[in-house]
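Colleague: have a look; sequence and predicted model below, questions after that.
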Amino acid sequence: MKKTFPKLFEPTRIGGLQLRNRLTMSLYPTKYTTDSQANDRLIEFFRARAKGGAAMIVLDGACLDYPAAYKGAVELRMDTEDHAASLKRLISAVKSEGALAFMHLNYPAGPIVSEGTSGAIEKKGRWMLPLISAGDEDRVKGLSKIFGTGAARAREIGYDGVEVQASWGDIVAQFLSPLSNKRTDSYGGSLENRSRLLLEIVSEIRKDTGDNFPVQIKLVVDELIPGGFGLEEAKTVAGSLERVGADSILVTVGNKKTKKHSIPSHSLPAGVSVPHAKAIKSVVNIPVIAMGKISTPDLAERILEEGDADLVAMTRALITDPELPNKAQAGQVEDIRGCIYCLEDCADKGVKGLGRACVNNPLAGLEDEIRITGAVDSDQVWVIGGGPAGMQAALIAAERGHVVSLFEKCGHLGGQFRLAALAPYKGEVSEVLRWLEVQLDKSQVKVSLNHPVSAAEIIDAQPDSVILATGSESRIPVMPGFDQEHVFQAHEYLEKRVKPGANVVGSGGGEVGCEVAETAVDSGSRVVVVEMLSELLPRMKSLPRTELLGRLSAKGVVLLTDHGASAITTNTVKATGQDGQEKTIDADTVICAIGMNSRRELYHDLQGVVKNVYLIGDAEEPGSVGHALRAALRVAATI
């Protein structure tokens, strides 16, 4: 019997607007624009989420005060007709698929002013007046008029509503917080004064747009830091917002110092902020939207059924699978490709050369560039290697109508990536393989396990195309003592479930090395990580990096940078520093994670013999699973 989600797919209203269901997409700043206009990449990204069934999408914000508050070419503009025309294309794409389009309204810490302005500070070669500390009352009050004018412009362009940013430590949230707001005028001190700017903004928007244009507030309800803006004050503010005309409240937590709670990763439970939404809902009669790692339709349904919120925002889940709403409504829950909450490709600057993307959805951010369409001819395609890249390539090639055979030399699919979920707090990454395996079971792909493939077999069979996803292997350390029984490669240590000794040394401070170190310290061992570079985790994005390093430090792991392991004895590791000085570290277990080398032997054997041979994933270049899946997409979508 297919599962249904009656509450999730029940229509509802925000202000005078009807939403087709209760599943929304909160702001995701794509940063896809390069000239302050909505381009095809931006438009097709959001079109896909609207087509997939989201009821409302809060779109990238536009500059409210050009040029004084302009952040540059990655920020949309709406002050000219050309810029407005590009936004109309964006709105039209979203609305044509049945979703509502809201504009996010925000303002930087302060406007750009001339050098010498009292209280101004220099920032990136320009002078900025921080309103939280330096702007006089007239200038602060003027900010509400800027929001009002911006909302009116949004309505004129065609947006269905607006959302006011009062979270994430941005300017309005700074005024709410007693930690940042030290003003002594009518905008500082008491809660009434600290909330004055936000309430004036809502009132100004109401004055400039009328009563039939929804205004949503993205409200921080707890900064989760001593002395910060907290839940009891937020409940008072929420009531005031309703009285001045706000139509809905999106509940958020955290600020820039506690952002691990604002964008929760592996280490926090699903639905972590739902209790805060429930608290706000208890004091207002307007719709309250819950967000914060709402990862599945089951969880969303439970939140709504139990009355903790009126709607849910499932933004990262929609990045990973734009079709999540449609699949859930059709009862196809096992076909939903789930977010793994890694905060890698979707965070910070995203992927080098690509920008913001998704580890578990190779098409995210490429919707305008790559379309998976039927192949002109149905070819015989062999995929060698059953890791994530090979599995993904096989699925896409089969979807396009090719006759696909997938070969894996081991008795299981997944390659070395199946070990990734064994690290602390990383269980959610198993979703990558779960989805691929489910789809392979439903596909026409012929899967052959325990089947190593030789060049001779390929040459004899003469498939039309060969995709090599043969993966990578651990780099062998060049040092005395590496071949001893107490020395393990990281994947070997995890696969064999090795019980570490009392003293563990990890050679290598990348992602694998640090995660394996955490497994060892959690087993009760004393752990030292030795890394020849000056910093650990150089490729990891800032938030997960900060979390992992913080946990290692709190658990007592010694992090020794600027040193390389140079020799291993029966009970020590010699580590040599950049200055040539040597340290001796006790070690009865040594775990090596110094990088990977591509497996390309088969590729070289086929050169000049087989016509269409492609390398993907780690076989092309060792990297992340996101890199591997995108490489599979690019090849399989074109052969």
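Modeller: Cool, got the structure.

Colleague: right, and the helix or strand after whichever strand or helix holds residue 301?
Modeller: For residue 301, the host element (DSSP states H and E) is helix 297-305. Beyond helix 297-305 in the direction of the C-terminus, DSSP H and E gives the next helix or strand as strand 311-313.

Colleague: can you list the strands that that next one pairs with?
Modeller: With DSSP bridges as the criterion, the sheet partners recorded for strand 311-313 are strand 23-25 (parallel), strand 288-290 (parallel).

Colleague: hmm, who's touching the helix or strand following it?
Modeller: Beyond strand 311-313 in the direction of the C-terminus, DSSP H and E gives the next helix or strand as helix 315-320. With CB atoms under 8 Å, 6 or more residues apart in numbering as the test, helix 315-320 has contacts from 25-28, 49, 52, 54, 291, 293-296, 324-325, 337-341, 346, 358, 360-361, 364. Backbone N, C-alpha and C define where each C-beta goes, glycine included.

Colleague: any idea how many residues pack against the closest residue in space to residue 26 that isn't next to it in sequence?
Modeller: Taking CB to CB, 6 or more residues apart in numbering as the measure, residue 26 lies nearest to residue 313, with 4.0 Å between them; neighbours along the chain are not counted. Close neighbours of residue 313, defined as other CB atoms under 10 Å, add up to 27.

Colleague: beta partners for residue 313?
Modeller: Listed beta-bridge partners, residue 313: residue 24 (assigned using DSSP bridges).

Colleague: show me the contacts for it.
Modeller: Applying CB under 8 Å, 6+ apart, we find residue 313 in contact with 24, 25, 26, 250, 289, 290, 291, 294.

Colleague: can you put those in a markdown table and add neighbour count and distance to residue 531?
Modeller: Output for the contacts of residue 313, formatted as a markdown table (neighbours: other CB atoms under 10 Å; distance: CB to CB, whole Å):
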| residue | neighbour count | distance to residue 531 |
| --- | --- | --- |
| 24 | 27 | 43 |
| 25 | 28 | 39 |
| 26 | 23 | 37 |
| 250 | 27 | 41 |
| 289 | 24 | 43 |
| 290 | 28 | 40 |
| 291 | 29 | 36 |
| 294 | 26 | 37 |
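
Colleague: how about those in a markdown table, adding pLDDT and distance to residue 126?
Modeller: Shown next, in a markdown table, are those (pLDDT from 0 to 100; distance: CB to CB, whole Å):
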| residue | pLDDT | distance to residue 126 |
| --- | --- | --- |
| 24 | 99 | 36 |
| 25 | 98 | 33 |
| 26 | 98 | 30 |
| 250 | 99 | 31 |
| 289 | 99 | 36 |
| 290 | 98 | 38 |
| 291 | 98 | 33 |
| 294 | 98 | 39 |
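
Colleague: could you identify the most distant pair in these?
Modeller: Distance extremes for the contacts of residue 313: the farthest pair is 25 and 290 at 13.5 Å, using CB to CB.

Colleague: where does the protein dip in pLDDT?
Modeller: In the predicted model, the chain carries no residue with pLDDT under 70.

Colleague: residue contacts, residue 266?
Modeller: Listed by CB under 8 Å, 6+ apart, the contact partners of residue 266 are 340, 341, 342, 425, 426, 427, 428, 429, 544.

Colleague: ok, of these, which come out buried?
Modeller: Members of the contacts of residue 266 that pass the buried threshold by neighbour count (16 or more other CB atoms under 10 Å) are listed as 340, 341, 342, 425, 426, 428, 429, 544.
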